[in-house]
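K.L.:
Give me coordinates for this.
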Amino acid sequence: MSNEPNAAVEPTGQPAVQPAVQPAVQPEPEDKDWTFVIESSCTECGFDPRYDVTTTGARVRAALPRWVEVLARPAARTRPAPATWSPLEYACHARDTFAIFRGRLELMLTDDEARFANWDQDAAAIEGRYWEQDPETVCRDLLAEGELTADAWDGIPADAWQRVGTRSNGSVFTVATFSIYFLHDVEHHLFHDVRG
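P.N.:
Model (predicted):
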């Protein structure tokens, strides 16, 4: 039990979980152009873009249990440095990445002139208050979004891999290169950023 005066206590006699406080420092906005991973390996996480893109769904599904392990860590809420996301915050980002990229994939498969609305990932983290979300809830939602996204990639027709979509900054992707770009994001955060 806490020795602090007036500390909240649960009926079990254990100290109550205190609400997360907004970090005083936020990470610098991400401005790196990661589209290079479509053609070159990532030296930070070892991702190789020469994989069989038809296995993207399977690789997303294989990553999900590792996210469960990450979110079960006692220090899942703890930032390794003041301006670096915690594992919880990275998991929130992964959950939202699944939903956003699944929507973009669906657009590419149905719209001959697919254009993606801008997604400011850093703003989303602040607006969504990633740091104060509940790890168990995030885990449940991440698994659900991940399974839906894996299913979406499994369902890509054989003749659709060269359909195109354009990002708000003008970058053009085929479904195949979009898959590479997406999977790198998922695996980079898991293997490099949170060591999942």
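K.L.:
count of neighbours near residue 118?
P.N.:
Here the count is done by other CB atoms under 10 Å, and residue 118 has 8 residues near it. Using the backbone N, CA and C atoms, a C-beta is placed for each residue, glycine as well.
K.L.:
The closest residue in space to it that isn't next to it in sequence: what secondary structure?
P.N.:
Ranked by CB to CB, 6 or more residues apart in numbering and with sequence neighbours excluded, the top spatial neighbour of residue 118 is residue 168, at 4.0 Å. Look at residue 168: counting by DSSP: H, G, I helix; E, B strand; the rest coil, its state is coil.
K.L.:
Next, the contact list for residue 168, please.
P.N.:
With contact set as CB atoms under 8 Å, 6 or more residues apart in numbering, residue 168 has these partners: 115, 116, 117, 118.
K.L.:
That one and residue 122: what is the separation?
P.N.:
15 Å (CB to CB, to the nearest Å).
K.L.:
Residue 73 contacts residue 88, doesn't it?
P.N.:
No. Between residue 73 and residue 88 there is no contact under CB atoms under 8 Å: 9.2 Å.
K.L.:
residues contacting residue 177?
P.N.:
Residues in contact with residue 177 (CB under 8 Å, 6+ apart) are residue 38.
K.L.:
quick revisit: the more surrounded of residue 73 and residue 88?
P.N.:
Between residue 73 and residue 88, counted using other CB under 10 Å, residue 88 has the larger neighbour count: 26 against 15.
K.L.:
Who are the contact partners of that one?
P.N.:
Applying CB under 8 Å, 6+ apart to residue 88 gives the contacts 71, 76, 77, 130, 131, 133, 135, 138.
K.L.:
give me the number of residues near the second one?
P.N.:
By the other CB under 10 Å criterion, the neighbourhood of residue 76 contains 19 residues.
K.L.:
Name the helix or strand for residue 162, please.
P.N.:
Applying DSSP states H and E as the criterion places residue 162 outside every helix and strand.
K.L.:
any idea which helix is longest in the chain?
P.N.:
Longest helix in the chain, counting residues (DSSP state H): helix 87-110.
K.L.:
Any idea how far apart the tips of stretch 36-46 sit?
P.N.:
13 Å (CA to CA, to the nearest Å).
K.L.:
Please name the nearest non-neighbouring residue to residue 156.
P.N.:
Nearest one to residue 156, counting by CB to CB, 6+ apart, is residue 175 at 6.3 Å.
K.L.:
The one you found and residue 187, how far apart?
P.N.:
As judged by CB to CB, residue 175 and residue 187 stand 18 Å apart.
K.L.:
Equivalent analysis for residue 195, please.
P.N.:
According to CB to CB, residue 195 and residue 187 sit 12 Å apart.
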